[in-house]
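Chemist: Give me the fold of what follows.
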Amino acid sequence: MGRRPVFLAILAAALVLVPAAPAASASSSKFDLDSADIPALQARMASGRLTAVDLTSTYLERIRRIDGKVNAVLAVNPAAPGQARESDARRRAHRLRGPLDGIPVLVKDNVDTRDQQTTAGSRALRSFPAKDATLITRLRSAGAVILGKANLSEWANFRAAKPTSGWSGVGGQTNNPYVLDRNPCGSSAGSAAGVAASLAQVAIGSETDGSIVCPAGMTATVGHKPSLGLVSRTGVVPISAEQDTAGPIARNVVDVALTLSVLQGRDPSDPATLTYPRTQPSDYAKLLRPGALSGARIGLWRLPVLGPATDAIMTSARNALVKAGATVVEVTLPYQDRLLELEFPALLTEFHRDIDAYLATRPHGPRNLAELIAYNRADPLERTCFAGQELFEQALAAPPPSDPGYRAMRAELTDLSRRSLDETLAAHGLAAIASPTNPPAWKTDCAVGDNDVIPSSTPAAVAGYPDVTVPAGFAGPLPVGLSFMGPRWSDARVLAFAADFSRVAPARVPPRFLATLPS
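Modeler: Numbering: from 1, shown residues only. Have a look, this model is predicted:
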């Protein structure tokens, strides 16, 4: 594993049960950091009971005390306290920039930040990018405090044939804060685990297929994979321009909605955003009205392949939806076998194209995929968990984007994924489709890799449609999420459904940092 900063060293004493840290205090007044949302924090700051410096210091102290068990934070940002002081100065001058002003945000370490290294978890990329990603520019303009960089699955889980989610050569293994020997899932592992452990108020993740929603589901957090083109990908280490997007993860829906409001918008450097409708709302939080589910027709895609514990939670979720006034129709989405057959070979071609283009923007480090492969062969520390780089090698040999076979494959993928959702929505008159986000977390084991056949994220991921997950329940101490998917650009509606579900069936409880489960 990669060496870690001293302030993030592993805490001593391996206890079977480690209690969560006590509620944070600031300005001599205590409050529950885990449950506080951004509006509540802003109200405290407006009343003088809290400052941005206090809040940032509280999170930094919690990282120092707690993250040795979770291993979610690659590096804190030395500039964070100064950014918090600037926010407090704006407040005193009555020049606040909005609801994210002074709010600490953790950023997945595949998002370029000019003042910190951006590594994608790879020792080959330990260098500073030339400039901020567009989404970082927007966060800074909104006054957010960039707290630090989150660990991730190296190269967003697109390196080895059998990877272990949450492991990177730079940061080692991120653990699930609910049960530490269980996996956090997906490449945004550190973002979700960090938020779940109350190491930041909000985190930024990214997804090609499942890497926001699965880790959020596994850690009882809220994750939103936006419609493709809603949030700029400029300055985000890519897998595929046809599917990649970035989005927020938080402990509640309102914080996700407020953050998405800041992240969204057109970017001339990202062609996908040029189709962004000017009718999109500017403030998603204002649309989180109680009763959003009342009268709505919701499809429930159960996916019993995820096991009886997950299916039982889906039955409870169905009852909660009905309690909220929704009509629930059980559905099965078509074309799924064909989507799974086509997606991977298409991503190989797209990864080679897009990673070469991204590496050309970096002032230092490998210039292309071939140089990345050579680096990994020469660095034994890059092979301490998953040893292979089969996906890199297959991508290097994949047909180019001009290949007719590839182009037909991507066209079929896009068509079938959109038809899968659109036809199901239309056939049953549905406003959205709900599905289990994840099964209970599996044990982390580098020798065998992930146990992650989770098909629920694929239709929305390939189609470029929105997908938001909220906590739905627990299998023992392990969280299971419920996802809401809808047509492209229906982000506001699926967020409103997710918020209303959370209101009717609040499921989240803070993690207890169990070391393991009884045999």
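
Chemist: quick one: residue 457 from residue 284, how far?
Modeler: Residue 457 sits 21 Å away from residue 284, going by CB to CB, to the nearest Å. Every C-beta, even on glycine, is put in place using the N, C-alpha and C of the backbone.

Chemist: Specify which residue of these two has the higher count of neighbours.
Modeler: The residue with more neighbours, out of residue 457 and residue 284, is residue 457; 26 against 23, by other CB atoms under 10 Å.

Chemist: Excluding chain neighbours, what is closest to that one?
Modeler: Spatial nearest neighbour of residue 457, chain neighbours left out: residue 210 (3.7 Å); criterion: CB to CB, 6 or more residues apart in numbering.

Chemist: and the helix or strand harbouring residue 313, what's its mean pLDDT?
Modeler: When secondary structure is defined by DSSP states H and E, residue 313 falls within helix 308-323. The average pLDDT for helix 308-323 rounds to 98.

Chemist: Please name every helix or strand in contact with it.
Modeler: For helix 308-323, the packing partners by 3 or more CB pairs under 8 Å, 6 or more residues apart in numbering; DSSP states H and E come out as strand 297-300, strand 327-330, strand 432-436, strand 467-475, strand 478-485, helix 491-504.

Chemist: so which of those gets nearest residue 344?
Modeler: strand 467-475 (19.3 Å; CB to CB).

Chemist: any idea of the mean pLDDT in that closest one?
Modeler: Per-residue scores along strand 467-475 average to 98.

Chemist: What segments of the chain are helices?
Modeler: Secondary structure of the chain (DSSP state H): helices located at 38-46, 52-70, 80-92, 134-141, 189-196, 213-218, 253-263, 308-323, 336-359, 369-378, 390-397, 404-428, 458-463, 491-504.

Chemist: Distance check, residue 167 against residue 174.
Modeler: Applying CB to CB to residue 167 and residue 174 gives a distance of 8 Å.

Chemist: Please identify which of those two sits among more neighbours.
Modeler: residue 174 (33 against 29).

Chemist: So the residue lying closest to that one once chain neighbours are set aside versus residue 281, what's the distance?
Modeler: Excluding its sequence neighbours, the residue lying closest to residue 174 (CB to CB, 6+ apart) is residue 166, at 3.7 Å. Applying CB to CB, the value for residue 166 to residue 281 is 34 Å.

Chemist: Neighbour count for the two, which is higher?
Modeler: For residue 166 and residue 281, the more surrounded residue by other CB under 10 Å is residue 166, and the numbers stand at 35 against 15.

Chemist: Give me the residues contacting stretch 456-464.
Modeler: For stretch 456-464, contacts defined as CB atoms under 8 Å, 6 or more residues apart in numbering pick out 207-210, 213-214, 225, 227-229, 242-243, 245, 301, 303, 306, 333, 336, 339-340, 343, 413-414, 417-418, 420-421, 435-438, 465-467, 483, 485, 488.

Chemist: When you filter the residues you listed down to buried only, what's left?
Modeler: Listed as buried from the contacts of stretch 456-464 are 207-210, 213-214, 225, 227-229, 242-243, 245, 301, 303, 306, 333, 336, 339, 343, 413-414, 417-418, 420-421, 435-438, 465-467, 483, 485, 488; burial here means 16 or more other CB atoms under 10 Å.

Chemist: Right, I'll leave it there.
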